[in-house]
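Peer 1: sequence unknown, structure follows:
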């Protein structure tokens, strides 16, 4: 019974790791020449004009949309 639990747990962990690896990455170019790598698609808030994204370290960051010159999927 313990082997079945270990096998099931390993399967769940492996599946989670594979799904996490499937998220899309984007590159945002700023008007001052910086290239910002994101983990997942950036979200644009039309009310505030802010672009919200998660950086590669997992931090949630917001930047003014006026500073962005382009967003492309990597």
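Peer 2: The structure has been received and is ready for your questions. All values derive from a computational prediction rather than experimental measurement. Residues are numbered from 1 along each chain as shown.
Peer 1: could you pull out the helices for the protein?
Peer 2: According to DSSP state H, the chain carries its helices in the segments 2-20.
Peer 1: for the most centrally placed residue in it, which residues are in contact?
Peer 2: The structure's the chain has its C-alpha centroid closest to residue 39; by CA atoms, centre = their mean the separation is 2.0 Å. Counting by CB atoms under 8 Å, 6 or more residues apart in numbering, residue 39 makes contact with 23, 25, 53-56, 58. C-betas here are computed from N, CA, C, even on glycine.
Peer 1: count the residues that sit near the closest residue to residue 23 other than its chain neighbours.
Peer 2: Take residue 23 and drop its neighbours on the chain: the residue closest to it by CB to CB, 6 or more residues apart in numbering is residue 40, 5.3 Å away. Applying other CB atoms under 10 Å, we find 11 residues neighbouring residue 40.
Peer 1: got it, and residue 64?
Peer 2: Residue 64 - counted by other CB under 10 Å - has 11 other residues nearby.
Peer 1: for residue 51, same thing?
Peer 2: Neighbours of residue 51 using other CB under 10 Å come to 21.
Peer 1: so it sits against residue 62, correct?
Peer 2: Yes. With contact defined as CB atoms under 8 Å, residue 51 counts as touching residue 62 (6.9 Å).
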